[in-house]
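1. what shape does this take:
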Amino acid sequence: MPQFGAPRIRVLGSAARGEERADSDIDFLMDFTPGYDLFTQRLPLAERLAEITGGVSPSSPSTKSTTICARPC
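-> Model (predicted):
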């Protein structure tokens, strides 16, 4: 999702192995471009990933979560 400063996103953990359950979270590993901004890019990215995966945005309560592990490109 380059518009969010993350040109490469990978799924990790049980979801990547096809072993997720209804209560499993979804773990992502992402590479971020130089100049990445927490507030203008990470929060919208987390919300978009939550929409795509049926998870929750950082401001919404739920039992399912989206975890983002970040590293610079």
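
2. distance from the chain centre to stretch 24-32, please.
-> The chain centre lies 5 Å from the centre of stretch 24-32; the measure is CA atoms, centre = their mean, to the nearest Å.

3. C-alpha coordinates for it, PDB please?
-> Only the C-alpha atoms of stretch 24-32 are listed here, as PDB (Å, rounded to 0.1, in the frame of the first residue of the first chain):
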ATOM      1  CA  SER A  24      -7.000 -15.000  16.000                       C
ATOM      2  CA  ASP A  25      -5.400 -11.700  15.300                       C
ATOM      3  CA  ILE A  26      -3.700 -11.000  12.000                       C
ATOM      4  CA  ASP A  27       0.000 -10.100  12.100                       C
ATOM      5  CA  PHE A  28       1.600  -8.000   9.400                       C
ATOM      6  CA  LEU A  29       5.300  -7.200   8.700                       C
ATOM      7  CA  MET A  30       5.800  -4.100   6.600                       C
ATOM      8  CA  ASP A  31       8.600  -2.200   5.100                       C
ATOM      9  CA  PHE A  32       8.200   1.600   5.300                       C
END
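
4. now do the buried residues in it.
-> Neighbour counts using 16 or more other CB atoms under 10 Å place Ile26, Asp27, Phe28, Leu29, Met30, Phe32 of stretch 24-32 among the buried residues. All C-beta atoms are positioned from the backbone trio N, CA, C, and that covers glycine.

5. columns distance to Val11 and secondary structure on top of these, output as a markdown table?
-> Output for the buried residues of stretch 24-32, formatted as a markdown table (distance: CB to CB, whole Å; DSSP: H, G, I helix; E, B strand; the rest coil):
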| residue | distance to Val11 | secondary structure |
| --- | --- | --- |
| Ile26 | 7 | strand |
| Asp27 | 7 | strand |
| Phe28 | 6 | strand |
| Leu29 | 8 | strand |
| Met30 | 10 | strand |
| Phe32 | 17 | strand |
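
6. good, we can wrap up now.
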